[in-house]
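Undergrad: heads up, no residue letters with this:
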């Protein structure tokens, strides 16, 4: 329960459930683990000391939180983004929110490299031609020497910058607050206008919601490519669709969408020059185990009364720093 | 003509033609440029001082060379490989053969990175699912931390090693002659047995012909991937097909083939887990201009009587050194 005071000996750890379940064997005897789904969450929330949001695709927490009764004093989400659980009542509370900062950085960066290279080397067309058994030589683009703008200066954005630099690109990083090596939002349009590659890796906050709109796609070069591995709603999808249809930009790859999963009827599946992938950029073999291990490590901090790493600034919507 | 002696004032430069033609404006007044195709090459060869093999896909030189009459004293091919023109009579002659060493290194290495990442991130399946409008999340592989074996220790193989290392892979380079940083052929099987990635970037020579055969695919791990950007006949294609069909290896990407272009009837188009691309790994925008400029630069050396860089060891079939 959220009342301040000494930690309980065997706290109730409530898990918002998803298959496969986290491996929490190391907490045996140290926590009473209970599982909830969207329907049982509201009733169990008042009795929980800790909430592990294992089903990080669910809006259940944001829906259940404003209800009556005490609330867990710590909420951890097994995801980098926290937009799916933040609500005014949670922001106003004493509850500490932590996220999976660090687990996804390098995998997402590799995935971005894969998308950038696939677009540069025209791989989707190569696979189309292969299916048609047609040998058609084309010239493709170099990535080395190109200019990339990475929006989002957290650990994922910085990992993306590292891998793109390793491939010989020049990079510019854009974050909320300008600092050494990071441009502020006021530089974005100027940077977009000369970028070959634009990578969105920002958290979803009121400031970033819909930031890639018709005006910003209009600023980009016709030869530029856009990649989103952040959050779907960073992008005004209709604006991206129009930019692709009228060849305002050369191509794009989306791993995240305003509404997930993308329904079969979505027009995004068939946009020209667009690669659609099902929100999996960070999910390399073993990712669930890494997320479980990270939670257990944070639990050790919490049980010892130490400050929690990865504590989210609930107002900003991400872990500040660096 | 191939007789030794002083260079002619305006040598005859014969170009084995392909569209678009090379830009040779800088040689205006300094060479008489003539064009030949496969049918006219035999008749023109005796009058040529220099032969530029601009159509580097053609076997015309190897067919025409053994005929009667003098031969050019210098042959340059606008390709990295020279296997399409080497014949015993050319090897025995005084004619110097040069190749396009250096033009393709970095582009091919980028292309290899694109293929490796596409296979690791299961991109062909993602594009299949996109076409089916099906949202299906999967776990993918990390490339960082994996082990790659690169076969071919020339400039292309070394560029491949650089880019794979930049992506966090551990690499081993295999060449004809063991030296610092390069394994000899005797280490190959041991290295293949523990590789996650095998990249073929070797020239086609009697030693490398068919080196990737049933036995070598059998040595590889079931989780390993094979990429060929060297020459098609490095690979016994039937053996690769069987390895893929029985899941002896996890997947492959071929940019080169025993017979090019691949015919619509080839079974390779539809092998499970195989990416087929039409011999374009090095051909990034501007590649033809780079090849033309390289030839003009070599011509300056030749006209000044200086030794030619990129001179091929005709017996070995590549430019030795490093």
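TA: Sure thing, it's come through. Computed from a predicted model, the values in this text were never measured in an experiment. Numbering: from 1, shown residues only, chains lettered A, B, ... in the order given.
Undergrad: which parts of the stretch 201-322 of chain A sit against chain B?
TA: Counting by C-beta under 8 Å from any C-beta of the partner chain, the stretch 201-322 of chain A comes close to chain B at A:260-262, A:264, A:266, A:269, A:275-280, A:283-287. Any C-beta I mention is one placed from the backbone N, CA and C, and that applies to glycine too.
Undergrad: Narrow these to those in strands?
TA: Judged by DSSP state E, strands contain the following of those: A:275, A:276.
Undergrad: what ranges do the strands span in chain A?
TA: Along chain A, counting by DSSP E, strands occupy A:12-16, A:32-36, A:50-53, A:74-77, A:96-98, A:147-151, A:170-174, A:197-200, A:225-228, A:251-254, A:274-276.
Undergrad: List the neighbouring strands of the first one plus their orientation.
TA: Each strand paired with strand A:12-16, and its direction, by DSSP bridges: strand A:32-36 (parallel), strand A:50-53 (parallel).
Undergrad: Quick check: which of those is buried the most?
TA: Burial of the strands paired with strand A:12-16 is given as mean neighbour count (mean count of other C-beta atoms under 10 Å in any protein chain shown); strand A:50-53 ranks first at a mean of 27.
Undergrad: and stretch A:11-19, what's its mean pLDDT?
TA: The average pLDDT within stretch A:11-19 is 96.
Undergrad: what does stretch A:80-93 give?
TA: When the per-residue pLDDT values of stretch A:80-93 are averaged, the result is 96.
Undergrad: contacting residues around it?
TA: Contacts of stretch A:80-93 from elsewhere in the structure, counted by C-beta atoms under 8 Å, 6 or more residues apart in numbering or on different chains, are A:2, A:53, A:56-59, A:61-62, A:65-66, A:71, A:75, A:77, A:97, A:99-101, A:103-104, A:154, A:156, A:203-205, A:230-231, A:282, A:312, A:314-315, A:317-318.
Undergrad: all helices for chain A, in order.
TA: Remark: helices assigned in chain A by DSSP state H are A:41-44, A:60-64, A:88-92, A:105-120, A:123-131, A:155-166, A:188-192, A:214-219, A:237-245, A:287-303.
Undergrad: closest to residue B:37 out of those?
TA: Each of those was scored for nearness to residue B:37 using C-beta to C-beta, and the closest is helix A:123-131 (27.1 Å).
Undergrad: returning to what we had before: now, of the contacts of stretch A:80-93, which are buried?
TA: Members of the contacts of stretch A:80-93 that pass the buried threshold by neighbour count (16 or more other C-beta atoms under 10 Å in any protein chain shown) are listed as A:2, A:53, A:56, A:58, A:61, A:65, A:71, A:75, A:77, A:97, A:99-101, A:103-104, A:154, A:156, A:203-205, A:230-231, A:282, A:312, A:314, A:317-318.
Undergrad: what residues go with each domain of chain A?
TA: Following the assignment in automatic domain parsing, chain A carries domains at A:12-103+A:285-303, A:105-276.
Undergrad: So which of those is the most surrounded?
TA: Relative to the other members of the domains of chain A, domain A:105-276 carries the highest mean neighbour count by mean count of other C-beta under 10 Å, namely a mean of 20.
Undergrad: rewinding a little: could the strands of chain A go into CSV alongside distance to residue B:91?
TA: Listed next are these as CSV, based on distance: least, C-beta to C-beta, whole Å:
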stretch, distance to residue B:91
strand A:12-16, 72
strand A:32-36, 75
strand A:50-53, 70
strand A:74-77, 68
strand A:96-98, 69
strand A:147-151, 47
strand A:170-174, 46
strand A:197-200, 47
strand A:225-228, 47
strand A:251-254, 47
strand A:274-276, 48
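Undergrad: Between these, which one is closest to residue A:219.
TA: Counting by C-beta to C-beta, residue A:219 lies closest to strand A:197-200 out of the strands of chain A; the figure is 9.9 Å.
Undergrad: What average pLDDT does the closest one get?
TA: Average pLDDT, strand A:197-200: 98.
Undergrad: That one close to chain B?
TA: No: applying C-beta under 8 Å from any C-beta, one finds strand A:197-200 separated from chain B by no less than 13.7 Å.
Undergrad: and that strand, what does it pack onto?
TA: Using 3 or more C-beta pairs under 8 Å, 6 or more residues apart in numbering or on different chains; DSSP states H and E as the contact criterion, the secondary-structure elements in contact with strand A:197-200 are helix A:105-120, strand A:147-151, helix A:155-166, strand A:225-228.
Undergrad: Pairing partners for the last one, with directions?
TA: Right, strand A:225-228. The pairing partners recorded for strand A:225-228 under DSSP bridges are strand A:197-200 (parallel), strand A:251-254 (parallel).
Undergrad: now the last one: mean pLDDT?
TA: When you say that, I think you mean strand A:251-254. 98.
Undergrad: contacting residues around that strand?
TA: Residues outside strand A:251-254 that contact it (C-beta under 8 Å, 6+ apart) are A:115, A:118-119, A:225-228, A:232, A:235, A:240, A:244, A:268, A:271, A:273-277.
Undergrad: Residue A:142 touches residue B:108, doesn't it?
TA: No: contact criterion C-beta atoms under 8 Å: residue A:142 and residue B:108 do not qualify, at 11.2 Å.
Undergrad: list the contacts for the residue in the stretch 201-322 of chain A positioned nearest to chain B?
TA: When C-beta to the nearest C-beta is the measure, the stretch 201-322 of chain A has its nearest residue to chain B at residue A:261, with 3.7 Å between them. The neighbourhood of residue A:261, defined by C-beta under 8 Å, 6+ apart, consists of A:278, A:279, B:135.
Undergrad: Next: residue A:149.
TA: The contact partners of residue A:149, by C-beta under 8 Å, 6+ apart, come to A:171, A:172, A:174, A:188, A:191, A:192, A:195, A:197, A:198, A:199.
Undergrad: On the strand side of things, show who the last one bridges to.
TA: To tie it back to what came earlier, the one meant is residue A:199. Going by DSSP bridges, residue A:199 is paired in beta bridges with residue A:150, residue A:227.
Undergrad: Pull up the gap between it and chain B, please.
TA: Residue A:199 sits 15 Å away from chain B, going by C-beta to the nearest C-beta, to the nearest Å.
Undergrad: and what of the fourth one?
TA: Per C-beta to the nearest C-beta, residue A:188 is found 27 Å from chain B.
Undergrad: do the same with the third one
TA: Going from residue A:174 to chain B by C-beta to the nearest C-beta gives 23 Å.
Undergrad: Surely that residue is in contact with residue A:189?
TA: No: here residue A:174 does not reach residue A:189: they are 10.4 Å apart, not a contact under C-beta under 8 Å.
Undergrad: Output the helices and strands packed on strand A:197-200 in a markdown table; the columns should cover mean pLDDT.
TA: Conversion of these to a markdown table gives the following (pLDDT from 0 to 100):
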| stretch | mean pLDDT |
| --- | --- |
| helix A:105-120 | 98 |
| strand A:147-151 | 98 |
| helix A:155-166 | 98 |
| strand A:225-228 | 98 |
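Undergrad: got CSV for the ones you listed, with distance to residue A:89 too?
TA: Listed next are the helices and strands packed on strand A:197-200 as CSV, based on distance: least, C-beta to C-beta, whole Å:
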stretch, distance to residue A:89
helix A:105-120, 30
strand A:147-151, 30
helix A:155-166, 28
strand A:225-228, 30
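Undergrad: Identify whichever of the ones you listed lies nearest to residue B:127.
TA: The closest approach between residue B:127 and any of those, judged by C-beta to C-beta, belongs to helix A:105-120 at 9.0 Å.
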